[in-house]
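A.B. asks: here you go, sequence then predicted model.
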Amino acid sequence: MKKLRFEIEIIATAQKVYETMLGLKDKGTYEQWASAFNPTSSYEGSWDKGSKMHFVGVDENGKKSGMVSKIVENQPAKFVSILHYGFLDDDMEVTTGEKVEKWAGGHENYTFKEGNGITTLKVEIDAIEDYLDYFNKTYPAALEKLKAISE
């Protein structure tokens, strides 16, 4: 896996960016920025540290799919770390096997730093070779959407 890094400056407090990104006050704000990855992106679960989270959407065949993950750390408006360890095949969790082994154990980390009314959001994700181009193209677009709805 390769570590990809992205960064964006948003004219809003770290608390506002954090709440908007996670959809804490309105799940729709999460769904708006995450729609860059899949127009039907959403989540099922809790952002609490140690909680299981399903990041879900509908695939091209109309079937529910997504990631099975754990919230490793959640320091409000400072740092969020997500560990991906499986995927959803319809409503079934798949956490073992060759398809999972390629990327299981990958993290997605978000760091929020606020200063002078601007929040710098730093993102680090572990990605397998097959998805490098996709994430390099899609993540900046997703962060621009997050910026637009946070400001």
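C.D. replies: That came in fine, so what should we check first? None of these values were measured; they are calculated from a predicted model.

A.B. asks: quick check, central residue of the chain?
C.D. replies: Centroid-nearest residue in the chain, with Cα atoms, centre = their mean: E108, separated by 6.7 Å.

A.B. asks: excluding chain neighbours, what is closest to I118?
C.D. replies: Once its chain neighbours are removed from consideration, I118 has its nearest residue in E9; the separation is 5.3 Å (Cβ to Cβ, 6 or more residues apart in numbering). Backbone N, C-alpha and C define where each C-beta goes, glycine included.

A.B. asks: using the three-state scheme, assign the one you found.
C.D. replies: Reducing the assignment to helix, strand or coil with DSSP: H, G, I helix; E, B strand; the rest coil, the entry for E9 is strand.

A.B. asks: my read is that it contacts T119, right?
C.D. replies: Yes - E9 is in contact with T119 according to Cβ atoms under 8 Å; the separation is 7.2 Å.

A.B. asks: which of the two has more residues huddled nearby?
C.D. replies: Neighbours per residue (other Cβ atoms under 10 Å) separate E9 from T119, with T119 holding more: 23 against 12.

A.B. asks: from K52, how far off is that one?
C.D. replies: T119 sits at a distance of 28 Å from K52 (criterion: Cβ to Cβ, to the nearest Å).

A.B. asks: go on, E129?
C.D. replies: Between E129 and K52 the computed distance is 27 Å (Cβ to Cβ).

A.B. asks: ok, G23 next?
C.D. replies: 17 Å.

A.B. asks: ok, and the closest non-adjacent residue to K102?
C.D. replies: Closest residue to K102 apart from its sequence neighbours, by Cβ to Cβ, 6+ apart: I128 at 5.2 Å.

A.B. asks: which phi and psi does the one you found have?
C.D. replies: Comment: the main-chain dihedrals of I128 come out as phi -80, psi 160, following degrees, to the nearest 10.
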